[in-house]
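Peer 1: Build me a model:
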Amino acid sequence: MSALAYRAATAADIDAVVALVESAYRGDASRQGWTTEADFLDGRRTGADDVAACIERERSRILLAERDGVMLACAHVAEGQTEQERGAGYFGMFSVRPGLQGGGIGKQVLAEAERIAREDWGLAVMRMTVIDIRAELIAFYERRGYHRTGIRKPFPYGDERFGLPLRDDLRFEVLEKELADG
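Peer 2: Okay, here's the model as predicted:
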């Protein structure tokens, strides 16, 4: 099996990125993997508008992981945008093809995203938001050095760009990791 190849997404990749993200989190296809949100969120996970904005933004990259020219995973890595987030990396939109989840691809993509934030942009910290009822997902990140900050953010109920909630107790928790040199 050949190694993963990484590259930044371009406008030509937008539809494929949206399809990958949707397959990893929504609908029956997402149930093949362990990252599904189908039991508590319906509707879209992302859209072409979100992906295009990430591609066009400065210090922002949709990272693609491919093997033999086939997209297997993606993630958004960027520098925070607000004054309080600037100087820290942000990791999100993380998706691995559902049938390939649990095989180590995600760990490699996360490590590459951290490398980009640390080496390419000189950022010392990576942050992400995770829906706080996702204990297995939080545990995955904790095994990779992330810790719970105790900072919680409200879920954007009523904004269909973030999905259609199937329960009323959703909120985000901020996870963080210091990015050591080397």
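
Peer 1: Only C-alpha atoms from now on, for both contacts and neighbour counts.
Peer 2: Fine.

Peer 1: Strands of this structure, start to end?
Peer 2: Ranges of strands in the chain, per DSSP state E, are 5-8, 41-42, 60-67, 70-79, 89-96, 125-131, 147-154, 164-165, 171-178.

Peer 1: Now for this protein, the helix or strand with the poorest mean pLDDT.
Peer 2: Within the chain, no helix or strand scores below strand 41-42, which has a mean of 90 by mean pLDDT, DSSP states H and E.

Peer 1: Once you drop chain neighbours, what's closest to Leu100?
Peer 2: Gly33 (7.5 Å; C-alpha to C-alpha, 6 or more residues apart in numbering).

Peer 1: What separation do you get for the one you found and Pro165?
Peer 2: Remark: distance between Gly33 and Pro165 (C-alpha to C-alpha, to the nearest Å) = 20 Å.

Peer 1: Neighbour count: those two, which is higher?
Peer 2: Pro165 (21 against 17; other C-alpha atoms under 10 Å).

Peer 1: The nearest residue to that one once chain neighbours are set aside: how many residues sit nearby?
Peer 2: In space, Pro165 comes closest to Leu41 once its chain neighbours are excluded; the distance is 4.5 Å by C-alpha to C-alpha, 6+ apart. Residues contacting Leu41 under the criterion other C-alpha under 10 Å number 19.

Peer 1: pretty sure Leu41 is touching Gly163, no?
Peer 2: Yes - assessed by C-alpha atoms under 8 Å, Leu41 is found in contact with Gly163 at 5.9 Å.

Peer 1: can you list the strands of the chain in CSV and add distance to Glu22?
Peer 2: Shown next, in CSV, are those (distance: least, C-alpha to C-alpha, whole Å):
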stretch, distance to Glu22
strand 5-8, 19
strand 41-42, 10
strand 60-67, 15
strand 70-79, 12
strand 89-96, 9
strand 125-131, 16
strand 147-154, 22
strand 164-165, 13
strand 171-178, 19
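
Peer 1: Any idea which of those strands gets closest to Ala113?
Peer 2: strand 70-79 (6.0 Å; C-alpha to C-alpha).

Peer 1: packing partners for that closest one?
Peer 2: helix 14-25, strand 60-67, strand 89-96, helix 105-115 (3 or more C-alpha pairs under 8 Å, 6 or more residues apart in numbering; DSSP states H and E).

Peer 1: Highest mean neighbour count out of those?
Peer 2: Of all the helices and strands packed on strand 70-79, strand 89-96 has the most neighbours on average by mean count of other C-alpha atoms under 10 Å, namely a mean of 24.

Peer 1: Strand partners (parallel or antiparallel) of it?
Peer 2: strand 70-79 (antiparallel), strand 125-131 (parallel) (DSSP bridges).

Peer 1: Most tightly packed of those?
Peer 2: Comparing these by mean count of other C-alpha under 10 Å gives strand 70-79 as most buried, with a mean of 23.
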